[in-house]
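1. Just need the structure, nothing else, for what follows:
(one chain, ligands or ions: 1)
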Amino acid sequence: MNVYDGELVTGLLLSDGFGITQEAEDADVILINTCSVRDHAEQRALGRLRSLGALKRKQPHLVLGVLGCMAERMQETILKTAPDVDLIAGPDSYRQLPEIIRKHLNGSFGKFSIVPGDAGEDFTDIMPSRGNGINAYMAIMRGCNNYCSYCIVPHVRGRERSRHPDDIIIEIERSVEEGFPEVTLLGQNVNSYKWSDLGFHELLDRVSRVSGLKRIRFLTSHPRDLSEELIERMVMGGNICPSLHLPVQAGSDRILKLMKRRYTRSEYVSKIHKLREAVPDIAITTDLLCGFPGETENDFQQTLDLIGEVRFDDAFTFKYSPRPGTAAAAMEDDVPEAEKVERLERMIALCRKYSDNSRKEMIGREVEVLMESVSPKNASEWTGRTGCGRVTLVPGAYKQGQLVRLKVEKVLGFSLWGNPVLTV
Ligand code: SF4
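-> Numbering: from 1, shown residues only. Sure, this is the predicted structure:
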């Protein structure tokens, strides 16, 4: 979502007459887009702001701005840590950026401004600037109503609002015209997309009929809201990729309840069984969190047990850090840091075993790969992705966006390697 927001802000500023430079020293304006999901990301952004503050002291005309979730959540901390910042703009305020930046540039603003957000904002009439590439990220909704107890997102990105389906289709048609063969539909919980009586699976139907669109992916799905209808759409296949990111977070029902995830482990596993029965070649990835307040060794063992039961194709693994303002931040953060680190390492090792196995199981299979670019390591090969998202190397020369059918011959690290059998 932050990549997409960065493209939105770039599109907004380019259409207002600004240009882009690759060197910080050449810029009149530097905007840092930030993430608040984890403490580590916030600390890195503050460090970057401190070093840009040094640049601003050398080049006082520079306008330095902070965007994104930290701008919404930590205005006082930002000002204390990086007093050289000129403007702070949260995720719903970007529409005003060109005007406010110009005021800063011509000196008609005071030292500092906080840009007010619009809680209903969906940026629907703004075209993001994506450059060239394969995949176009596209927000179909913003915000989240779930309030999982550990998560800062609803506090900084506000309540759910879905975009008009006609606007989404227009933006996808334009991205196809610009040369993007693939789209990833984005939302904090895409399964709860709703416009009048049109749900996510029906939106997916409409998107799948966009002429020239070769692949559709979507992120993120909440296990509770994953519907039978969506599974039926995935069975139909076509340009809807056989891949699903379904964050489970934990394997213990007690911890899932404390996290306010609103599903049980057995409900989650039964959805996975249904998905795999319906779409046998589907790749299922997940998010896992260890060291949540109150997590015992027994709870954690249940997470390891779940990883073994589901055999995720890949997983994003994290250790818990409290996010001020969330319900979990009021609970005692009672798992010692060393224990969190140790559990994280065990979780990573187990997930790695299953993701390695999942790649090895691909050997001998025929897959379709969407070509992206010449391999950075070997100019006689191209790199692309399978429908289920695996990076694949292929000998020969291709066009960006070309679909190539190949047989997987071996696994090289995190990539597959295969020879073409038929060019589509
Ligand atoms: S559904 Fe996702 S974004 Fe929404 S509160 Fe839960 S973890 Fe955060």
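2. List the contacts of the residue in the stretch 301-424 of the chain positioned nearest to the ligand.
-> As assessed by Cβ to the nearest ligand atom, the ligand sits closest to residue 326 within the stretch 301-424 of the chain, at 8.9 Å. Placement of C-beta: from N, CA and C, glycine included. Applying Cβ atoms under 8 Å, 6 or more residues apart in numbering to residue 326 gives the contacts 149, 150, 151, 152, 155.
3. so where do the helices sit in the stretch 101-250 of the chain?
-> 153-157, 165-177, 200-208, 228-236 (DSSP state H, counting those that start in this stretch).
4. which of these sits most buried?
-> Mean neighbours per residue, mean count of other Cβ atoms under 10 Å, is largest over these for helix 153-157, with a mean of 20.
5. domains in this structure, as residue ranges please.
-> 2-115, 135-360, 366-423 (automatic domain parsing).
6. Residue 244 contacts residue 286, correct?
-> No - contact between residue 244 and residue 286 fails when scored by Cβ atoms under 8 Å: they sit 9.4 Å apart.
7. didn't residue 178 look like it was pressed against residue 130?
-> Yes - if you go by Cβ under 8 Å, residue 178 and residue 130 touch, sitting 7.1 Å apart.
8. overlap in contacts of these two?
-> Between them, residue 178 and residue 130 share the contacting residues residue 136, judged by Cβ under 8 Å, 6+ apart.
9. returning to that earlier point: just the contacts of residue 326 now: which is nearest residue 239?
-> Of all those, residue 239 sits closest to residue 151, with 31.4 Å by Cβ to Cβ.
10. need the contact list for residue 319.
-> By Cβ under 8 Å, 6+ apart, the contact list for residue 319 reads 289, 290, 291, 340, 341, 343, 344.
11. Helices - which of the residues you listed land there?
-> Of those, the ones assigned to helices by DSSP state H are 340, 341, 343, 344.
12. Out of these, give me the one that has the most neighbours.
-> Neighbour count (other Cβ atoms under 10 Å) singles out residue 343 as the most crowded of the ones in helices among the contacts of residue 319, with 23 neighbours.
13. Output the contacts of residue 326 in CSV; the columns should cover distance to residue 195 and pLDDT.
-> As requested, these are arranged in CSV below (distance: Cβ to Cβ, whole Å; pLDDT from 0 to 100):
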residue, distance to residue 195, pLDDT
149, 29, 98
150, 29, 97
151, 25, 96
152, 27, 94
155, 25, 93
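14. and the stretch 101-250 of the chain, which residues reach the ligand?
-> Counting by Cβ under 6 Å from any ligand atom, the residues of the stretch 101-250 of the chain lying close to the ligand are 144, 146, 147, 148, 151, 153, 154, 188, 189, 222.
15. was I right about the fourth one contacting residue 256?
-> Put plainly, it is residue 148. No - using Cβ under 8 Å, residue 148 makes no contact with residue 256, being 9.8 Å away.
16. check contacts around the nearest residue to residue 304 once chain neighbours are set aside.
-> Nearest residue to residue 304, sequence neighbours excluded (Cβ to Cβ, 6 or more residues apart in numbering): residue 350, at 5.8 Å. By Cβ under 8 Å, 6+ apart, the residues touching residue 350 are 304, 307, 308.
17. For the second one, which non-adjacent residue is closest in space?
-> Nearest residue to residue 307, sequence neighbours excluded (Cβ to Cβ, 6+ apart): residue 350, at 5.2 Å.
18. and the helix or strand hosting that neighbour, which residues are buried?
-> Element membership for residue 350, per DSSP states H and E: helix 337-360. Buried residues in helix 337-360, counting neighbours by 16 or more other Cβ atoms under 10 Å, are found at 339, 340, 343, 344, 346, 347, 350, 351, 354, 355, 358, 359.
19. elements contacting the very next helix or strand once past it?
-> Next helix or strand after helix 337-360 toward the C-terminus (DSSP H and E): strand 366-374. Counting contacts by 3 or more Cβ pairs under 8 Å, 6 or more residues apart in numbering; DSSP states H and E, strand 366-374 packs against strand 381-386, strand 391-395, strand 403-412, strand 415-423.
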